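*Asks:* mind folding the following:
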Amino acid sequence: MPTHIQHPTIVQAAGNKPKIIEEYFGRVNSKTEDVSIARMKSPSGWIEPGQTPEFDEYTVVLRGTLRVSTRGGSTDVHAGEGIIVHRGEWVQYSTPGSDGAEYVAVCLPAFSMDTVHRDAD
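*Replies:* You can find the predicted model right below:
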């Protein structure tokens with residue numbers, strides 16, 4: 001029998017400005033540990049702390065531009081494009097453009113506070 005997810009759960013986001021995370025599948029909304037899928041809406045000028053996660057993160061940008069910074073440099077991912085950040089790689093996400101960004105993030109295994117390993121403040 002399929003599991004019907006009727007609405008996401010809003011999850012608190014890290015960063016310097018309010019960002020909306022709508023988790024459809026994951027540890028919070030569907031009690032799924034294998035994968036998390038969330039729609040993100042971040043404002044212009046948003047930046048989150050760097051992190052070295054224990055999961056792969058697949059991101060598809062729906063609107064605006066998402067900047068993905070790693071030790072190797074930065075990549076601007078525009079609407080209609082995607083990017084994979086592999087587990088164990090340091091990464092920092094931001095939305096420097098005037099329109100912010102809307103995007104879908106898929107984490108394998110599912111995102112958790114215990115496995116994201118954010119940089120210390």
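
*Asks:* flag every buried residue along the top strand by length along the chain.
*Replies:* Assignment by DSSP state E gives strand 56-70 as the longest strand of the chain. For strand 56-70, the neighbour count (16 or more other Cβ atoms under 10 Å) marks Glu57, Tyr58, Thr59, Val61, Gly64, Thr65, Leu66, Arg67, Val68, Ser69 as buried. The way it works is simple: take the backbone N, C-alpha and C, and place the C-beta from them, glycine included.

*Asks:* off-centre distance for the next helix or strand after that strand?
*Replies:* Downstream of strand 56-70, the next assigned helix or strand under DSSP states H and E is strand 73-78. Put simply, strand 73-78 sits 14 Å off its chain's centre (Cα atoms, centre = their mean, to the nearest Å).

*Asks:* now do strand 73-78, average pLDDT.
*Replies:* Strand 73-78 shows a mean pLDDT of 98.

*Asks:* what about the strands in this structure?
*Replies:* 9-11, 20-25, 36-42, 46-47, 56-70, 73-78, 82-85, 91-95, 101-108.

*Asks:* ok, the fourth one: who's next to it in the sheet?
*Replies:* Strands that pair with strand 46-47, judged by DSSP bridges, come out as strand 91-95 (antiparallel).

*Asks:* which other residues reach the partner strand?
*Replies:* For strand 91-95, contacts defined as Cβ atoms under 8 Å, 6 or more residues apart in numbering pick out 42-53, 57, 64-70, 85, 101.

*Asks:* can I get it in CSV, CA atoms only?
*Replies:* C-alpha atoms of strand 91-95 as CSV (Å, rounded to 0.1, in the frame of the first residue of the first chain):
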residue,chain,number,x,y,z
VAL,A,91,29.9,22.6,1.3
GLN,A,92,28.2,25.9,1.9
TYR,A,93,25.0,27.0,0.3
SER,A,94,23.8,30.5,-0.3
THR,A,95,21.5,32.6,-2.5
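
*Asks:* any idea how far Lys19 is from Lys41?
*Replies:* As judged by Cβ to Cβ, to the nearest Å, Lys41 and Lys19 stand 7 Å apart.
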